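1. Prediction below, plus the sequence it came from.
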Amino acid sequence: MTIGLICALPQELDHLRDVLTTSRRDVVAGLDFHSGQLDGHDCVLAGSGMGKVNAAVVATVMADRFDCRAIVFAGVAGGLDPTLGIGDVVIADLALQHDAGLIERECLQTYQAGHVPAINPIDHLGYRTDDELLARVMQRLDGVELLAMSAAAGGTGQPTRIRYGTVVTGDQFVQCAATRNRLYEQFGGSAIEMEGAAVAQVCESFKVPWLVIRTLSDLAGSESLSDFGVFAEEVAANSAAVLRLVLPVL
């Protein structure tokens, strides 16, 4: 069976499409799906564009039309955890949508997407990565050392780290230190991005295991847009490298 691979941006997609062999192209919903082999594994690769709806469309097509046995979203993200730096990799053990919920007294009470407390209450927030899948990934990556980012990409000369933690998803690009700090304090998140938890929601509906791999391209502060533009190309290569390492255990 096929593994679905999703990226949001061209910089992320190119690192995988360039090494996909015997590729076949299908166009569904105006989007390109490239089927072939990546390191000997049958895969289908697609670029979703940014945002939760775009990512959910691609994940739905992969689960339904391509019958994927697992779906991975890989790419760049902003950092929430102040102990992490540009180039560090975050693999989600939990993905949640921070912009879904109930607005009361001009404040958002984050709640599980698709639910409201007084209408269809639910007792959890977010989606947890399958325990067995995550255990295999952690074993596979145990002891792996990733190359340090270059100075031009914000590197400090130290090897980049792999962290397992909460990935927070919303339909905004965060360029605000106060918002970054609030989301970190509220959710204990390691990274913030715009797609992962939507992919997780679709995969939960289809009962397809999922994985979100994110490399930090910025720190979600006042310089995030400029940092992203400078660092995204090299940082995206780290996500692709980690994804290729875990393909055998998906």
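-> That came through, no problem. Predicted model, so just to flag it, every value in this text is computed and none were measured.
2. Can you classify the residue lying closest to V72 once chain neighbours are set aside by secondary structure?
-> Leaving aside its chain neighbours, V72 sits nearest to L211 (4.6 Å; criterion: C-beta to C-beta, 6 or more residues apart in numbering). From N, CA and C alone the C-beta is placed, and that goes for glycine too. With DSSP: H, G, I helix; E, B strand; the rest coil as the basis, L211 sits in strand.
3. Residues in contact with stretch 194-207: which ones?
-> Stretch 194-207 is contacted from outside by 6, 8, 48, 50-56, 58-60, 63-64, 71, 73, 75, 92, 95-97, 113-114, 126-127, 129, 167-173, 209-210, 212, 214, using C-beta atoms under 8 Å, 6 or more residues apart in numbering.
4. Quote the end-to-end distance of stretch 170-189.
-> Using C-alpha to C-alpha, to the nearest Å, one end of stretch 170-189 lies 13 Å from the other.
5. what ranges do the helices span in this protein?
-> 10-17, 52-64, 131-141, 177-187, 196-206, 224-246 (DSSP state H).
6. pLDDT on the first one, on average?
-> What it means is helix 10-17. Helix 10-17 shows a mean pLDDT of 84.
7. about what we covered before: ranking the helices of the chain by burial, who's on top?
-> helix 196-206 (a mean of 24; mean count of other C-beta atoms under 10 Å).
8. Read off the pLDDT value for the residue nearest to V72.
-> 98.
9. so what's it up against?
-> L211 neighbours (C-beta under 8 Å, 6+ apart): A70, I71, V72, F73, I91, A92, T129, L133, L134, V137, V246, L250.
10. With pLDDT and distance to G85 added, can I get those residues in JSON lines?
-> Formatted as JSON lines, these follow (pLDDT from 0 to 100; distance: C-beta to C-beta, whole Å):
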{"residue": "A70", "pLDDT": "97", "distance to G85": "29"}
{"residue": "I71", "pLDDT": "98", "distance to G85": "28"}
{"residue": "V72", "pLDDT": "97", "distance to G85": "23"}
{"residue": "F73", "pLDDT": "96", "distance to G85": "22"}
{"residue": "I91", "pLDDT": "97", "distance to G85": "16"}
{"residue": "A92", "pLDDT": "98", "distance to G85": "18"}
{"residue": "T129", "pLDDT": "98", "distance to G85": "23"}
{"residue": "L133", "pLDDT": "97", "distance to G85": "27"}
{"residue": "L134", "pLDDT": "98", "distance to G85": "23"}
{"residue": "V137", "pLDDT": "97", "distance to G85": "22"}
{"residue": "V246", "pLDDT": "96", "distance to G85": "22"}
{"residue": "L250", "pLDDT": "95", "distance to G85": "27"}
